[in-house]
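**Q** Quick one, fold the following:
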Amino acid sequence: FSFQRPAADIFAVGATQVPGSLYVSVCLLRAAFALEAHGSPGAGTTAKWATFYFFLNGPLAVLYPFMVTELQLPLGVVNLVLHSNLLTAWWGQFTCLSRLVTAGQECTARLNAKRS
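**A** Okay, here's the model as predicted:
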């Protein structure tokens, strides 16, 4: 698939990611604000950044034809730009999710300590 059109995989995968990204973003935001209410400052901001990173891939569907037809960039350059964007999005998702998991574990530990 990618050998004929280097960024075509972005369209195939991107279209199926929208429902999951929406669901995860809503869950993250709800959980993050609950964490903030229980003494984890910054969890809401981290969840907002995670949501941003989950939707950072969205403009790629418009950017690909623009770069190929209007800018007439070689497909290798287009592929590099689009996959660099994906790397940035995935790294941001990983970083934010890791921070939120850590905040959740710390919050759970604090709540369990209060109950004891």
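
**Q** if you go through the protein in chain order, where are the helices?
**A** Ranges of helices within the chain are 8-37, 43-54, 60-65, 75-115, based on DSSP state H.

**Q** Please state the mean pLDDT value computed over the third one.
**A** Put plainly, it is helix 60-65. Helix 60-65 shows a mean pLDDT of 78.

**Q** cool, the last one as well?
**A** Mean per-residue pLDDT for helix 75-115: 87.

**Q** returning to what we had before: possible to save the helices of the chain as TSV with mean neighbour count?
**A** C-betas here are computed from N, CA, C, even on glycine. Output for the helices of the chain, formatted as TSV (neighbours: other C-beta atoms under 10 Å):
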stretch	mean neighbour count
helix 8-37	14
helix 43-54	20
helix 60-65	15
helix 75-115	14
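
**Q** measure the residue lying closest to Leu111 once chain neighbours are set aside to Thr46 for me?
**A** Using C-beta to C-beta, 6 or more residues apart in numbering and skipping residues adjacent in sequence, the residue nearest Leu111 is His38, 6.7 Å away. Here His38 is placed at a distance of 15 Å from Thr46 (C-beta to C-beta, to the nearest Å).

**Q** what does Glu106 give?
**A** Distance from Glu106 to Thr46, by C-beta to C-beta: 13 Å.

**Q** picking up where we left off before, give the burial count for the residue nearest to Leu111, as a bare number.
**A** His38 has 15 neighbours, counted by other C-beta atoms under 10 Å.

**Q** List the contacts of it.
**A** By C-beta atoms under 8 Å, 6 or more residues apart in numbering, the contact list for His38 reads Cys107, Arg110, Leu111.

**Q** can you list those residues in CSV and add distance to Val68?
**A** Converted to CSV, the contacts of His38 look like this (distance: C-beta to C-beta, whole Å):
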residue, distance to Val68
Cys107, 47
Arg110, 52
Leu111, 53
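
**Q** Looking at those residues, which is nearest Tyr53?
**A** Closest approach between those and Tyr53, by C-beta to C-beta: Cys107, at 22.1 Å.
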